[in-house]
Structure formats: C-alpha cells, structure tokens
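Asker: Quick one, structure for this:
(one chain, ligands or ions: 2)
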Amino acid sequence: IEEKAQYKEKIKQLLIEKNAVLVAHYYTDPEIQALAEETGGCVADSLEMARFGKLHPAKTLIVAGVKFMGETAKILTPEKRILMPELEATCSLDLGCPIEEFSAFCDAHPDHTVVVYANTSAAVKARADWVVTSSIALEIVDMLDGEGKPIIWGPDRHLGAYIEKETGAKMLMWQGACIVHDEFKANALRELKLQYPEAAVLVHPESPANVVAMADAVGSTSQLIQASQEMPNSHFIVATDKGIFYKMEQANPDKTFLAAPTGGNGATCKSCASCPWMAMNGLKSIHDALVSPVGKEIHVDESLIAKALIPLNRMLNFAA
Ligand code: CIZ
Ligand code: SF4
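Answerer: Numbers count the residues shown, from 1 in each chain. Ligands and ions are numbered 1, 2, ... in the order given. Below is the predicted model:
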C-alpha cells in the first residue's frame, strides 16, 4: 500500500514535469481511474478519451487502455506524444482482424461500404469508409442502410448481429469477438435474475445475442453508466468488464452492482469479466513509461494517419 502511494505521488510529479496528462479507460483498474480524475485527466470510453486528448493542452498523453486507443489518439493528434504504460496491451478484436485478410475481404466486395468498429488497428481503420463506436453504430448503419448501400461490418460479430437486429440492415460480417464479453452466459444470467428479481440488466452489445436479449438496457460503456443513473432500480446486473463498476458505484452510492455470470457455477473462463490487456496497465507501468518512454510510444505511419483520419472524422462529424 505504501508502495502504491509512493507511485501515485511520483506519477503526479512526473505528469507536471513532463507536461503530460493521464487518460484512462473505464475498464482499467479503479486506482488508475481515480488517479486520472485526481490529476485533471479523464476516465472515459475510447472515443471520449481521444476527444479529451485532442482538446487538452498537454504535449504528452499517457493512455491507460489498449493499443487501438493509443493509435486513435495518435491519428487525431499526431503532433502529440502518445505514451502507453504497456504497448503489448491489445484487444482480441484487433488481433482477430489482421489488415491483409480484412483488406482482401473488402476487395472481394468492392461495391460495399466498409464500416469498422473502433476496436481495430490504424491500418484497418485506414481501409474503412466509416469508423464507429458502439454508442453511434446504430445511427450510422441505419443511415447507410437507408441510402441502400450494401455494408461490410467488422470485426465484432455480436455487435454486428445486434446492429442488424435493431436496424434491419443485412451486413457482410467479419467473425471477430471480444474474449471478455463473449463469455457471458444467458442461462446463468437467468438464474441470477431469479435471485435478484428487482435488478435491471445492463449489457454491452459485444455480448452474445441471447445475453443481449435479456437486457433492460443495451449500450456502450458511457451509455450503460448513464442507464445506471437514470433507472430507478436498487440492483443492477452488469454484462461488461467489471472495471466499469468504479464509475457506476461512484455515480450511484446507494445502488448495488453485480457482475453478470461468465460460465455456469463459477467454471473457469478466459477472462471472467476482466480484460487481460486492460489489466496490464498499472501504477508501476504508468510511472515507468513517464520516466523512460523508450518502447512505450505509439507511432503510426503518416500515410496511415491521413487515411484513417477520413473515416474517423466522418464519424465525429456525424456525431456532432
Ligand atoms: O470493449 C471495449 O473495449 C470498449 C467498450 C471500448 C470503448 O470504450 O469503446
Ligand atoms: Fe478488446 Fe474486449 Fe478487452 Fe475491450 S474488453 S479491449 S473489446 S478484448
């Protein structure tokens, strides 16, 4: 505990000395989220993280999250230095959608509009016509579908299926999944709901369709936090990374939050509602990246930045 307090103090000093700001994702460890808040940084979803970084005057952003978030920050603010506590922290959606194969898939359907989720590499974004986050995916696909455009969707198949169901669009889909959300189980959730009949179920749409079907609210991380504030229930069962409990509990001190079950009877799972890559961010790794940035900096090719900025800006302008 003493060591943690020391790291926190050192990080606070380093942020000032290095003209840097800490930007943390909702899925990082609560102590990182608290430190980001204490030091004037932000805690947010991937899109808000990038927006915050763009508006903040600091010359260096230290992004506590996973690689695609650092890359998005670099694409939106190439003039800034983007550091990550752990460059190896990635995402199963990004890993499962390598640019060569995805590009070949798109090339095979040249008449299709390519819509990709934010959880992708800079190269995949550069190949896309649109980038979307889970908070705005429905509106954008609905608009494109309304214009009669055939759509390629990648990489998350569950989010894709949810978008199809809600908008009526039919999309050609890449078969990726998030290893964290993919583990939520509808049967076990049904049992938990019987134990807590007053609980509302909040689900991120990267979860399987039969889990999404049981939700009282479906949405992105920020939309689920908002739902936890707006819904009157005393208890909530939450199907997303448990890092989100920090913000939900902070915003609702009188409400109780329960993790949605992953696998029956506590059976082992790969992730158990906690992203292993998000967990690579720690106080020590944040400290070390600030002290010695070598090997912790995000670099994106200038040509890729220019290409990826087009579909990203399309989304930002659509959202504005
Ligand atoms: O599952 C993720 O990694 C999410 C929800 C990212 C984000 O904030 O958009
Ligand atoms: Fe990727 Fe899932 Fe981890 Fe989010 S929680 S970074 S989607 S593996």
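Asker: okay, CA-based contacts and neighbour counts for the rest of this
Answerer: OK.
Asker: Need the pLDDT of the closest residue to Y27 other than its chain neighbours.
Answerer: Nearest non-adjacent residue to Y27, counting by C-alpha to C-alpha, 6 or more residues apart in numbering: G243, 4.1 Å away. Note on G243: pLDDT of 97.
Asker: Distance check, G243 against A199.
Answerer: For G243, the distance to A199 equals 19 Å [C-alpha to C-alpha, to the nearest Å].
Asker: and the gap between the closest residue to ligand 2 within the stretch 151-300 of the chain and I99?
Answerer: Closest approach between the stretch 151-300 of the chain and ligand 2, counting by C-alpha to the nearest ligand atom: C178, at 4.1 Å. For C178, the distance to I99 equals 18 Å [C-alpha to C-alpha].
Asker: again, but for P205
Answerer: Distance from P205 to I99, by C-alpha to C-alpha: 24 Å.
Asker: Looking at these two, which is more packed in?
Answerer: Neighbours were counted for P205 and for I99 using other C-alpha atoms under 10 Å; P205 has more, 30 against 19.
Asker: pretty sure that one is touching Y162, no?
Answerer: Yes: using C-alpha atoms under 8 Å, P205 is in contact with Y162, at 6.6 Å.
Asker: All the helices of the stretch 201-320 of the chain, residue numbers only.
Answerer: Along the stretch 201-320 of the chain, counting by DSSP state H, counting those that start in this stretch, helices occupy 209-212, 221-230, 245-251, 283-291, 302-319.
Asker: got those helices as JSON lines, with distance to A273 and mean neighbour count columns?
Answerer: Listed next are the helices of the stretch 201-320 of the chain as JSON lines, based on distance: least, C-alpha to C-alpha, whole Å; neighbours: other C-alpha atoms under 10 Å:
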{"stretch": "helix 209-212", "distance to A273": "14", "mean neighbour count": "20"}
{"stretch": "helix 221-230", "distance to A273": "14", "mean neighbour count": "19"}
{"stretch": "helix 245-251", "distance to A273": "11", "mean neighbour count": "17"}
{"stretch": "helix 283-291", "distance to A273": "21", "mean neighbour count": "19"}
{"stretch": "helix 302-319", "distance to A273": "29", "mean neighbour count": "16"}
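Asker: and those as CSV, adding distance to C272?
Answerer: CSV is the format used below for the helices of the stretch 201-320 of the chain (distance: least, C-alpha to C-alpha, whole Å):
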stretch, distance to C272
helix 209-212, 15
helix 221-230, 17
helix 245-251, 14
helix 283-291, 22
helix 302-319, 31
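Asker: Distance to ligand 1 for the ones you listed - can I get that in CSV?
Answerer: Below are the helices of the stretch 201-320 of the chain laid out as CSV (distance: least, C-alpha to the nearest ligand atom, whole Å):
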stretch, distance to ligand 1
helix 209-212, 15
helix 221-230, 6
helix 245-251, 13
helix 283-291, 19
helix 302-319, 13
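Asker: Which of those helices sits closest to L87?
Answerer: helix 283-291 (10.0 Å; C-alpha to C-alpha).
Asker: what sits up against the closest one?
Answerer: 4, 7-8, 10-11, 14-15, 18, 32, 62, 64, 83-86, 296 (C-alpha atoms under 8 Å, 6 or more residues apart in numbering).
Asker: give me that answer again for 6 Å
Answerer: Applying C-alpha atoms under 6 Å, 6 or more residues apart in numbering, the external contacts of helix 283-291 come out as 11, 85.
Asker: Same question for stretch 154-169.
Answerer: 116, 138, 142, 145, 170, 173-177, 205-206, 208.
Asker: swap the cut-off to 8 Å and go again
Answerer: So stretch 154-169 is contacted by 93-94, 96-97, 115-117, 120, 134, 137-138, 141-142, 145, 153, 170-171, 173-178, 205-209, 212 (C-alpha under 8 Å, 6+ apart).
Asker: Likewise for stretch 308-316?
Answerer: 75-76, 122-123, 125-132.
Asker: same deal with stretch 241-259?
Answerer: Contacts for stretch 241-259 (C-alpha under 8 Å, 6+ apart): 26-30, 33, 180-181, 221, 225, 228-229, 233-239, 273-275.
Asker: Quick one: end-to-end distance for that stretch.
Answerer: 9 Å.
Asker: who's I62 bridged to?
Answerer: L22, L83 (DSSP bridges).
Asker: That one reaches M84, doesn't it?
Answerer: Yes: using C-alpha under 8 Å, I62 is in contact with M84, at 5.6 Å.
Asker: Which one of the two is surrounded by more residues?
Answerer: M84 (29 against 25).
Asker: Sweet, I'm off.
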